[in-house]
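In: could you work out the structure for the sequence below:
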Amino acid sequence: MLRRPKPQPHDKLEEERVAISAAGRLHWFHWVVVGLSLAATLGAWQITKRQAEEKVRDQFDRAVEQTVSLIEERMQKYEDALWGGVAAVRAQGDDMTYADWVIFSESLRLEERYPGINGIGLIHHVLPEELDAYLAEQRRARPAYTIHPTHGEDEYLPITYIEPADINAAAVGLDMAHEANRYFGVLRSRDTGTAQITAPITLVQDELHTPGFLFYAPWYAEGEDSDLDARQANFRGVVYAPFVVRTLLDGTLAEANRAVGIRISDGSDVLYDEHQPSFDDYDPDPAFRQVVPVVLYGREWEFDIWSAKSFQELTHTREPLVILLGGLLLDALLLSLFVVLSRSNRRAINFADEVSAALRSESERLAESNAELEQFAYVASHDLKTPLRGIQHLTEYLEDDLEEHLGPEASPDVSRNISRIREQTGRMSDLIDGILAHARIGRSREMPSWSTVNVNDFVAKVGQDLELSADQLRYEGPSTVTVPAAVYFEQILQNLLANAASHHDDRATAHIEVTCRRSDDRLRITVSDDGPGIEPDLQERIFEPFQTGGTRTAGTGVGLSIVRKVLDLHGCSVTVRSTPGEGAVFEFDWAVEPDHVADRDGPSPMSGPRTPDAPAEYV
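Out: The predicted model follows:
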């Protein structure tokens, strides 16, 4: 019976190549994607357009509400001024002189605090039998004072005082009873005991003869206004303010503060109208319009508010159009991308075929080169030990031979130079050991296993080796941890401690702290010192081989390089934080056995290999 041959790697690659080539052609799902993208674009355009229209409508509604509210609030402010006048009259015992009224009106600062008001005045209620006495009293200070015009009513309501006098001179002495709108406004204010405005009138002091109105606030003898009969019997007059509607709105609704036009009507009478071609912001075809009836001090005003030309400019948005055009552009780009990818896929496959062979060859060559370099470093470092030991032995022989010549009278340079030879050969030995340790990292392919490390004892032992007291080297964290590749874990910790001690300005005063924190299956170990710190531009270079951080202290410059290499090998990381003059903080992470794991003999979760005989030396 014939057996089907086992697929070879190149057969699988060829199958994958055919599949990739087929996937590069345009298929039905490409057109589905383009269609869905186009539908999403149109949907987003419609939604955005509707939202933009709703937003503009909301802006117009807020503008309408703001316009009406501003007028209502300004009228309330004017009302407060009128009641202030009533209070001033009562404070004078209903005997307010012209001089007193001038002082009161000046205290109001009308032009500054009440823009839009034409003035504030006092109207007395005078019965026929009181007329002569009233005129005599007023003519003491103003001999030319007279009441005008004549009328047929059996009571008089003359304007006694009004300020500012210069612009309101024509109104002094004017009798409210001579004209129905003025007269009925006073009577309505008298009978209700509230502030009231008149129907539309033309002020005698308005040279342009535009619509206006009067605003009344009544006062009574001894404040008796408890009911209608009392109000009519004790009525003494009103404090009033004349208004030209055009001036009122100029002071209340400056055109710069709004983007709407208004028309105000009182019944069939138009008080103010901006819906005219002469209006600078006139829009013959407004996008929005709203009519708002408002009951205002006894009268119902109708506010006809429409969006002005500036409103269209302020609220115009191109967002829906941008979304539509942008979406269509993206759809076109997406289709173009599919076409380009389809065409370039074949070229990419051909190019991949050409470079794959070259890359495989180059990869093999680099692997061989790296292996040769590692072997060379290992052999060269190992062979350097032999002549170095010879130099160390010769130094000892030389010191023995010169022992009887090194008395008190001998030159101190001889002993110092011998010590320097020992120091330099020792440092060279440490450097070679570091190179050997660096070269050995990663040579073994044996999987690391779990083992328990007594971190507390290990840190204390390293402190003794570094001649650090218990007060100088402190550890905080769990006493024991179960970790993979324990030899490498100890090597990293030992190298970081040695680095902190060797680069301190004064080891006798150094303070080093080690903290260990665990989170489920990871350890976070921190080594901090109070040494000279590391300049920012050196904080990455110190992890390169033979870098000492710019100091002249002992050290080979290999220790931190070993730390980085070991951690990279095991898929971990190391970071450093330091400010010059304030010490340094090194942090690294390492795998730890989770609390719920009972079997410690299984393979480590770390990706890198373990070298069982790797030395835990610091350099």
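In: all the strands of the stretch 151-300 of the chain, residue numbers only.
Out: Listed in chain order, the strands of the stretch 151-300 of the chain (DSSP state E, counting those that start in this stretch) span 159-163, 196-197, 201-202, 211-220, 235-244, 260-266, 269-273, 289-296, 299-307.
In: relative to residue 46, which of those strands is closest?
Out: Among those, the nearest to residue 46 by C-beta to C-beta is strand 299-307 (23.3 Å). No exception for glycine: its C-beta is placed from N, CA and C like everyone else's.
In: before we move on, back to that, redo the strands of the stretch 151-300 of the chain as a markdown table? Include distance to residue 107, mean pLDDT and mean neighbour count.
Out: Below are the strands of the stretch 151-300 of the chain laid out as a markdown table (distance: least, C-beta to C-beta, whole Å; pLDDT from 0 to 100; neighbours: other C-beta atoms under 10 Å):
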| stretch | distance to residue 107 | mean pLDDT | mean neighbour count |
| --- | --- | --- | --- |
| strand 159-163 | 11 | 95 | 23 |
| strand 196-197 | 24 | 97 | 24 |
| strand 201-202 | 28 | 94 | 17 |
| strand 211-220 | 17 | 96 | 24 |
| strand 235-244 | 14 | 95 | 25 |
| strand 260-266 | 31 | 93 | 21 |
| strand 269-273 | 30 | 93 | 17 |
| strand 289-296 | 27 | 95 | 13 |
| strand 299-307 | 29 | 94 | 19 |
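In: for those strands, give me JSON lines that also has distance to residue 32.
Out: Conversion of these to JSON lines gives the following (distance: least, C-beta to C-beta, whole Å):
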{"stretch": "strand 159-163", "distance to residue 32": "82"}
{"stretch": "strand 196-197", "distance to residue 32": "70"}
{"stretch": "strand 201-202", "distance to residue 32": "75"}
{"stretch": "strand 211-220", "distance to residue 32": "68"}
{"stretch": "strand 235-244", "distance to residue 32": "70"}
{"stretch": "strand 260-266", "distance to residue 32": "49"}
{"stretch": "strand 269-273", "distance to residue 32": "60"}
{"stretch": "strand 289-296", "distance to residue 32": "47"}
{"stretch": "strand 299-307", "distance to residue 32": "44"}
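In: out of those strands, nearest to residue 118?
Out: Among the strands of the stretch 151-300 of the chain, the nearest to residue 118 by C-beta to C-beta is strand 235-244 (4.5 Å).
In: and the closest one, how far from the chain's centre?
Out: 55 Å (C-alpha atoms, centre = their mean, to the nearest Å).
In: do the same with stretch 531-542
Out: The answer for stretch 531-542 is 33 Å, by C-alpha atoms, centre = their mean.
In: buried sites along it?
Out: Across stretch 531-542, burial judged by 16 or more other C-beta atoms under 10 Å covers 531, 532, 533, 534, 538, 539, 542.
In: rebuild the residues you listed as TSV, extending it with secondary structure, distance to residue 180 and pLDDT.
Out: Below are those laid out as TSV (DSSP: H, G, I helix; E, B strand; the rest coil; distance: C-beta to C-beta, whole Å; pLDDT from 0 to 100):
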residue	secondary structure	distance to residue 180	pLDDT
531	coil	99	88
532	coil	98	90
533	coil	94	87
534	coil	95	87
538	helix	97	84
539	coil	93	75
542	helix	99	83
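In: dump those to a markdown table, plus distance to residue 293.
Out: Converted to a markdown table, these look like this (distance: C-beta to C-beta, whole Å):
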| residue | distance to residue 293 |
| --- | --- |
| 531 | 82 |
| 532 | 82 |
| 533 | 77 |
| 534 | 78 |
| 538 | 79 |
| 539 | 75 |
| 542 | 81 |
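In: out of the residues you listed, who's nearest residue 91?
Out: Nearest to residue 91 among these, with distances taken as C-beta to C-beta, is residue 533, at 78.2 Å.
In: mind listing the helices for this structure?
Out: Secondary structure of the chain (DSSP state H): helices at 9-23, 28-91, 98-108, 110-113, 131-141, 180-192, 228-234, 245-252, 309-315, 319-401, 412-440, 455-465, 486-502, 559-569.
In: so how far is the shortest one from its chain's centroid?
Out: When C-alpha coordinates are averaged (C-alpha atoms, centre = their mean), helix 110-113 and its chain have centres 42 Å apart.
In: contacts for that helix, please.
Out: With contacts defined as C-beta atoms under 8 Å, 6 or more residues apart in numbering, helix 110-113 is touched by 117, 119, 120, 163, 164.
In: mind checking which of these are buried?
Out: With burial judged by 16+ other C-beta under 10 Å, the buried subset of those is 117, 119, 120, 163.
In: rewinding a little: can you say which of the strands of the stretch 151-300 of the chain is nearest to residue 56?
Out: strand 299-307 (8.8 Å).
In: now residue 492. Nearest residue, chain neighbours left out?
Out: The shortest distance from residue 492 to any non-neighbouring residue, by C-beta to C-beta, 6 or more residues apart in numbering, is to residue 563 (5.1 Å).
In: for the closest residue to residue 239 other than its chain neighbours, give me its contacts.
Out: Using C-beta to C-beta, 6+ apart and skipping the chain neighbours, the partner closest in space to residue 239 is residue 85 (3.5 Å). Applying C-beta under 8 Å, 6+ apart, we find residue 85 in contact with 104, 120, 122, 217, 239.
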